[in-house]
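In: The sequence and its predicted three-dimensional model are supplied below.
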Amino acid sequence: PDKTVDGKVSTRVRKDRKERIYSKYIDIEENENGTPISIKFKNTEKFNFAYDLVDALAEKEPEKLAMLHISKDMTERRFTFTDMRKLSSQCANYFASLGIKKGDRVMLILKRHYQFWIAMLGLNKLGAIAIPAVDQLQEHDLEYRFESAGVSAIVCTADGEVARQVDIAAEKCPQLTIKMMVGGTRDGWRNFDEEYKRFSSHFERTESSPCGNDTMLMYFTSGTTGKSKGVMLTHTSLVDNATCMDMGEPVGTVTLSVLPIHHAYCFTCDILAGLCIGSTCCFNDSIMRLVKNMNLFNPQIILLVPM
């Protein structure tokens, strides 16, 4: 906060006044201190997160860094918004070639792999419903989710035992016909890392492309008082939530994501909100390297939860 001449501390919120990419979808009225007092949404009936925020930022600032990812083997990968646009379109074309279509449910068990983001955005463009899930699920957990959500495809990490658990559950779930693996190979699974790269980096938007009140995501609750329940989120609800998290930080602000990537709070408030303002999202690969990665990424924002 700024200090006034008489020594009193100002409560005015300092904000970057550069026009946000999402401004065509939201009107915000503020009081004299810069605090929002009214939020009105507009033009959301045709809104699609991948096209209207990520691809729009790629057009506006093509070389701007969108994501910095360091994997567990310390490989560093940098993705501009143009990279995200092209890679997500390749994924959309790849998924479509496998017969995945608008409305299909696709589970993503990808830990903190960078492939989560290009697969997620590809599904957004295609109109398939992404279902992020934790890699600690066992056979009975997976079977329940496959059946209750009608999951027909999965993109899964090669790390750990979760792919084996998927195979066991899939024996009882005949509707699950497409299995894609990231970071390795396994009998009966397609090699996501090799195959998506063969496809065009252009995926055309049409009148039937998903938008507005079409479902974009499904999250399963923790099941604290009973079985987990699938909660569906639309393109409109996500832009509503993400834009409300704008704290006025400047474009290019560096954020460090340390929360579980399959959790709605992390996805909406940490990542989507960051993309909405054009921040650079960095990913902490392990809580054991948090301090090291803080020094490496030098973030301005980290969202956490009480322990």
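Out: Now that the structure is in, tell me what you want to look at.
In: On the C-terminal side of the worst-scoring helix or strand of the chain on mean pLDDT, identify the next helix or strand.
Out: Of the helices and strands making up the chain, the lowest-confidence element is helix 235-243, at a mean of 74, by mean pLDDT, DSSP states H and E. Using DSSP states H and E, the helix or strand that directly follows helix 235-243 along the chain is strand 254-257.
In: need the helices for the stretch 1-150 of the chain, in chain order.
Out: Secondary structure of the stretch 1-150 of the chain (DSSP state H, counting those that start in this stretch): helices at 49, 56-60, 81-97, 115-126, 139-149.
In: Which of these sits closest to T280?
Out: Distances from T280 to each of these were compared using CB to CB; the shortest belongs to helix 81-97, at 10.0 Å. C-beta: built from backbone N, CA, C; applies to glycine.
In: and that closest one, average pLDDT?
Out: If you average the pLDDT over helix 81-97, you get 97.
In: Could you do stretch 294-303 as well?
Out: Per-residue scores along stretch 294-303 average to 86.
In: and if you look at stretch 138-145?
Out: Here the average pLDDT along stretch 138-145 is 96.
In: got any ranges where this structure has weak pLDDT?
Out: For the chain, residues meeting the criterion pLDDT under 70 lie at 1-18, 240-247, 307.
In: residue contacts, D52?
Out: Contact criterion CB atoms under 8 Å, 6 or more residues apart in numbering gives Y25 as the residues in contact with D52.
In: same check, this time on D167
Out: Under the contact definition (CB under 8 Å, 6+ apart), the residues listed for D167 are G188.
In: Mind checking what secondary structure it has?
Out: Three-state call for D167 (DSSP: H, G, I helix; E, B strand; the rest coil): helix.
In: C282 should be in a strand, yeah?
Out: Yes. Judged by three-state DSSP, C282 forms part of a strand.
In: in stretch 248-267, what counts as buried?
Out: Across stretch 248-267, burial judged by 16 or more other CB atoms under 10 Å covers 249, 251, 253-259, 261-264, 266-267.
In: Then stretch 146-166?
Out: Of the residues in stretch 146-166, those with enough neighbours to count as buried (16+ other CB under 10 Å) are 146, 149-159, 162-163, 165-166.
In: same deal with stretch 282-301?
Out: C282, F283, N284, D285, N293, F297, P299, I301.
In: Next: stretch 171-183.
Out: C173, L176, I178, K179, M180, M181, V182, G183.
In: Columns distance to V305 and secondary structure on top of these, output as TSV?
Out: Listed next are these as TSV, based on distance: CB to CB, whole Å; DSSP: H, G, I helix; E, B strand; the rest coil:
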residue	distance to V305	secondary structure
C173	33	coil
L176	32	coil
I178	34	strand
K179	32	strand
M180	31	strand
M181	30	strand
V182	26	strand
G183	27	coil
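In: would you turn these into a markdown table with distance to K229?
Out: Conversion of the buried residues of stretch 171-183 to a markdown table gives the following (distance: CB to CB, whole Å):
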| residue | distance to K229 |
| --- | --- |
| C173 | 18 |
| L176 | 20 |
| I178 | 25 |
| K179 | 25 |
| M180 | 26 |
| M181 | 28 |
| V182 | 27 |
| G183 | 30 |
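In: between those residues, which is nearest S222?
Out: Nearest member of the buried residues of stretch 171-183 to S222, counting by CB to CB, is C173, at 22.1 Å.
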